[in-house]
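Q: fold the following and give me the result.
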Amino acid sequence: MNKRNRTFRIITFLMVIFLVLSACRLTRSNSQTTPEAVEQVPEESVATLEAQTSQTILVPEYASLEGSLEALYEQVSPGVVSLQFTTAEGNGQGTGFVIDKEGHIVTNYHVASDATELEVHFPSGLKVYGTVIGSDMDSDLAVIKVDVDPDVLVPLTLGDSEAIKVGQTVVAIGNPYGLSGTMTVGIVSARGRVLDSMRQTESGTYYSSGDTIQTDALINPGNSGGPLLNLNGEVIGVNRAIQTAGISITGGAVSTGIGFAISSNTVRRVVPSLIENGSYAYPYLGLSSYSNMSLAMVEALKLPQSTGAYVASVVAGGPADKAGIKGGTQPTSVQGLTTGGDLIIAVDGIEIKDFSELMSYLVLNTSVGDQITLTIIRSGKTMDVPVTLGQRQ
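A: Reported below is the predicted structural model:
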């Protein structure tokens, strides 16, 4: 009996082993089904699948630029230089770009103006000393002169910033944090922004700097003075500043991703004077306005329309004051807001929506001593007022 049981157990054990081995064989066979099926797909079908896969991983906004960005960089980067400078406060760095074969380089006023020693480093490896021959605090532009063989200079072409459109792709090339030759890509986010000038008024406030381009192309410390370019390789702006949101734990400014550039048409007006005279005479109107008015402000000021540049105040003895332009004097329900000022709705017959458009017009179209005509609304009446522009001091 024991012998029979032992035989039965051996037979049972062998059957279990057989079943396990069979299951493993089936599992291994099934696991090979997928690759065997793929190997049997015709070649043209495989090519189709590969094409479909490659299309799904392309970044749509840059797919059409593949190749053109590389060509643009090769075209313009030889004309972009790295600036290393020393001031009374220490060392710094920035960017500039060549504009002619005479050795003139454009950068920012705040980069080069206080330099006691200035080095210009070219992408070729050439390093020379440069001299600041002209600067303008209002536009934040400066011109550096270098004495080098004209053959090593690759001038960049100035484009027409008036022709650019919001949404247009732009490229910034510069020297962020000392990383020379860095290229970033973005779009024109807005036009006609107004920033503070670097020049202070007698009262301690700052003049306005108009016709500024806003971009989301990444700009960091060291990019200042570098070119903002369109896809034709033309300079449509000079990178100037970034919008920040406080200080990081390392002590640096935290960028919001919003950058600003001086328009190329401003460069076109200012730089020739910097080269010839060392300075630029900025036209002066002598009034202040609000950059943006809410409906609540419009109602408190009892304005007949929401567009135009409301004159908050005029500078005593300034061009606007001499012409009879009036600023607000009567308190309103909004603290610090005074009514009774003129509303400028046009300049030289061209309608303006806000103060930024007025500033852009003055920067691009007028000079010191020019007479302009401001169309204003005062006490419900529309009138034209001639104003002779002065010069910022």
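Q: host element of the residue nearest to residue 191 when sequence neighbours are not counted?
A: Leaving aside its chain neighbours, residue 191 sits nearest to residue 213 (5.9 Å; criterion: C-beta to C-beta, 6 or more residues apart in numbering). Any C-beta I mention is one placed from the backbone N, CA and C, and that applies to glycine too. Using DSSP states H and E, residue 213 falls within strand 206-215.
Q: starting at the chain centroid, how far to that strand?
A: 11 Å (C-alpha atoms, centre = their mean, to the nearest Å).
Q: what of stretch 215-222?
A: 6 Å.
Q: same check on stretch 377-393?
A: With C-alpha atoms, centre = their mean, you get 32 Å for stretch 377-393.
Q: quick one: the nearest residue to residue 346 once chain neighbours are set aside from residue 336, how far?
A: Leaving aside its sequence neighbours, residue 346 sits nearest to residue 375 (C-beta to C-beta, 6+ apart; 3.7 Å). According to C-beta to C-beta, to the nearest Å, residue 375 stands 27 Å off from residue 336.
Q: so for those two, which sits in the more crowded spot?
A: residue 375 (20 against 7; other C-beta atoms under 10 Å).
Q: is it true that that one touches residue 352?
A: No - applying C-beta atoms under 8 Å, one finds residue 375 not in contact with residue 352, separated by 9.1 Å.
Q: which neighbours do those two share?
A: Here residue 375 and residue 352 share the contacting residues 344, 345, 346, scored by C-beta atoms under 8 Å, 6 or more residues apart in numbering.
Q: let me have these in TSV, extended by secondary structure.
A: Supplementary listing: the shared contacts of residue 375 and residue 352 in TSV, determined by DSSP: H, G, I helix; E, B strand; the rest coil:
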residue	secondary structure
344	strand
345	strand
346	strand
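Q: now residue 190. Nearest residue, chain neighbours left out?
A: residue 214 (4.0 Å).
Q: who's the one you found bridged to?
A: residue 190, residue 260 (DSSP bridges).
Q: wait, what's in contact with it?
A: 188, 189, 190, 191, 193, 258, 259, 260.
Q: a markdown table please, covering these and showing neighbour count and pLDDT.
A: Listed next are the contacts of residue 214 as a markdown table, based on neighbours: other C-beta atoms under 10 Å; pLDDT from 0 to 100:
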| residue | neighbour count | pLDDT |
| --- | --- | --- |
| 188 | 23 | 95 |
| 189 | 18 | 94 |
| 190 | 14 | 93 |
| 191 | 18 | 92 |
| 193 | 20 | 88 |
| 258 | 17 | 89 |
| 259 | 26 | 92 |
| 260 | 23 | 94 |
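Q: count the residues that sit near residue 183.
A: Using other C-beta under 10 Å: residue 183 sits among 18 other residues.
Q: may I ask you to confirm that it belongs to a helix?
A: No - counting by three-state DSSP, residue 183 is not part of a helix but strand.
Q: give me the distance between it and residue 230.
A: From residue 183 to residue 230 the distance is 14 Å (C-beta to C-beta).
Q: what is in contact with those two at once?
A: By C-beta under 8 Å, 6+ apart, the residues touching both residue 183 and residue 230 are residue 171.
Q: just the strands in the stretch 151-300 of the chain please.
A: 169-174, 182-200, 206-215, 227-229, 235-247, 253-263, 283-284, 287-289 (DSSP state E, counting those that start in this stretch).
Q: can you get me a residue count around the residue lying closest to residue 199 once chain neighbours are set aside?
A: Spatial nearest neighbour of residue 199, excluding adjacent residues (C-beta to C-beta, 6+ apart): residue 137 at 4.2 Å. For residue 137, the count of nearby residues is 21 (other C-beta under 10 Å).
Q: for residue 323, see how far away residue 137 is.
A: For residue 137, the distance to residue 323 - C-beta to C-beta - is 25 Å.
Q: residue 241 too?
A: Taking C-beta to C-beta, one finds residue 241 at 32 Å from residue 323.
Q: and for residue 287?
A: Counting by C-beta to C-beta, the gap from residue 287 to residue 323 is 10 Å.
Q: how close does the nearest residue to residue 202 once chain neighbours are set aside sit to residue 281?
A: Leaving aside its sequence neighbours, residue 202 sits nearest to residue 393 (C-beta to C-beta, 6+ apart; 7.8 Å). Residue 393 sits at a distance of 10 Å from residue 281 (criterion: C-beta to C-beta).
Q: neighbour count winner among these two?
A: residue 281 (17 against 9).
Q: assign the closest residue to the more buried one other than its chain neighbours to helix, strand or coil.
A: The shortest distance from residue 281 to any non-neighbouring residue, by C-beta to C-beta, 6+ apart, is to residue 368 (4.5 Å). Judged by three-state DSSP, the three-state class of residue 368 is coil.
Q: residue 368 and residue 320, how far apart?
A: Taking C-beta to C-beta, one finds residue 368 at 15 Å from residue 320.
Q: now swap in residue 277 and tell me
A: 26 Å.
Q: which one's more surrounded, those two?
A: The residue with more neighbours, out of residue 277 and residue 320, is residue 320; 25 against 11, by other C-beta under 10 Å.
Q: list the buried residues of the strand or helix carrying the more buried one.
A: Taking DSSP H and E as the definition, residue 320 sits inside helix 319-323. Judged by neighbour count (16 or more other C-beta atoms under 10 Å), helix 319-323 contains these buried residues: 319, 320, 321, 323.
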